[in-house]
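Engineer: generate coordinates for the sequence data below:
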Amino acid sequence: LLLLPCSIGWTQESPADAASQNESAADLVDQLGNDAFSKRQQAQQQLLKLGPAAQAALQRGLTHRDPEVRRACRRLLGDVLEQKYQQQLRAFVDHPETSVGHDLPGWKRFQERTGNDPQARSLFVKMQQAERGLLASLEAGNEAAAEALDTRFRQVYSRTYSRVANQRKPPSLGTLAALLFVCGDPQLELPQTIADNSYWHNLLQQATLQQALGKSPANRSLRIMLGDWIAKPTSSRSLYNKLRLALQHEIPAGLQLAMTTLRESKNLSGSYQAYC
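Structural biologist: All right, here's what the predicted structure looks like:
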């Protein structure tokens, strides 16, 4: 997903300019129902040129009396919202000293957990570009986030380990980081069947993530996120793999997990005791 150039500045418009643009956009929305094809095409092009400034008029157009206008508004609104998102993401990258982009889905939680340094912001942008919908699910509560995470995990896992070799596609760092971030979110209560799925270990062993955990500039943020995931309540099915990952990457959460396991578990097998 490429970032579009930020063609609309982030300086606040004067009330007069905003009113003028709103009036112009409203006229163009009405023109979407013109009998002449050329007029309709011209209106569409102008609305797309206005970009986010046309959002309010397009939203009002969703209830227009003309069904042709309503259909065009639905189509154009999706394009305009995408423009708005890309501009916001570009401003987030280019102007870290401002608060622009701080309402991007997942950013508040990400910043609280991993910080706001350039490396963390860069990783967050990769996550946004790869898994915007998954991150947005965090804002919708436990049930929506759990469903989105489960669905996306299955899609990514199936594509990664497809039985048909030429259909396999390893996930990007942004996708892996987003999955790990959502699954390990301390504020999120997930069903154990999702959070404690033994297949997580396979996906987290992907070379892209393992290399990033080693020497990448994103190392610190990823280690925090991995630690959050390791700290989540776990069953014996995932305990061994979590302890292995904690040892491999020297994640402090692994020590707490080991101590808790030794204190609370009875008749622990020798292989588990060795890792603890």
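
Engineer: what is the burial count for the spatially closest residue to residue 85 that is not a sequence neighbour?
Structural biologist: Of all residues beyond its chain neighbours, the one nearest residue 85 is residue 132 (7.5 Å), with distances taken as C-beta to C-beta, 6 or more residues apart in numbering. (Glycine included, C-beta is placed from N, CA and C.) A count of nearby residues for residue 132, using other C-beta atoms under 10 Å, gives 18.

Engineer: residue 124 versus residue 132, what's the distance?
Structural biologist: Relative to residue 124, residue 132 is positioned 11 Å away (criterion: C-beta to C-beta, to the nearest Å).

Engineer: cool, residue 45 as well?
Structural biologist: According to C-beta to C-beta, residue 45 and residue 124 sit 34 Å apart.

Engineer: these two: which has the busier surroundings?
Structural biologist: Taking neighbours as other C-beta under 10 Å, residue 45 and residue 124 compare with residue 124 leading, 28 against 11.

Engineer: residue 257 reaches residue 229, doesn't it?
Structural biologist: No - the pair residue 257 and residue 229 does not pass the contact test of C-beta atoms under 8 Å, sitting 10.8 Å apart.

Engineer: need the residues touching each of those two.
Structural biologist: Here residue 257 and residue 229 share the contacting residues residue 242, scored by C-beta atoms under 8 Å, 6 or more residues apart in numbering.

Engineer: quick one on the thing from earlier: how about the host helix or strand of the residue nearest to residue 85 as CSV, C-alpha atoms only?
Structural biologist: When secondary structure is defined using DSSP states H and E, the element that contains residue 132 is helix 118-137. Written as CSV, here are the backbone C-alpha positions of helix 118-137 (Å, rounded to 0.1, in the frame of the first residue of the first chain):
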residue,chain,number,x,y,z
PRO,A,118,11.1,7.2,15.5
GLN,A,119,11.6,3.4,15.4
ALA,A,120,8.3,2.7,17.2
ARG,A,121,6.5,5.1,14.9
SER,A,122,8.0,3.5,11.8
LEU,A,123,6.9,0.1,12.9
PHE,A,124,3.4,1.4,13.6
VAL,A,125,3.2,2.8,10.1
LYS,A,126,4.0,-0.7,8.7
MET,A,127,1.3,-2.2,10.9
GLN,A,128,-1.2,0.4,9.7
GLN,A,129,-0.3,-0.2,6.0
ALA,A,130,-0.6,-3.9,6.4
GLU,A,131,-3.5,-4.4,8.9
ARG,A,132,-5.5,-1.2,9.3
GLY,A,133,-8.8,-3.1,9.7
LEU,A,134,-7.4,-5.4,12.4
LEU,A,135,-6.1,-2.4,14.4
ALA,A,136,-9.4,-0.6,14.0
SER,A,137,-11.1,-3.6,15.6
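
Engineer: what does it contact?
Structural biologist: Counting by C-beta under 8 Å, 6+ apart, helix 118-137 makes contact with 1, 3, 85, 89, 92-93, 96, 104-107, 110-111, 114, 144-145, 147-149, 152, 172-175, 177-179, 181-182, 217-222, all of which sit outside it.

Engineer: in stretch 222-241, what counts as buried?
Structural biologist: Counting neighbours by 16 or more other C-beta atoms under 10 Å, one finds that the buried residues in stretch 222-241 are 222-232, 234, 238-241.

Engineer: next: stretch 243-261.
Structural biologist: Within stretch 243-261, the residues that qualify as buried are 243, 245, 246, 249, 251, 253, 254, 257, 258, 261, counting by 16+ other C-beta under 10 Å.
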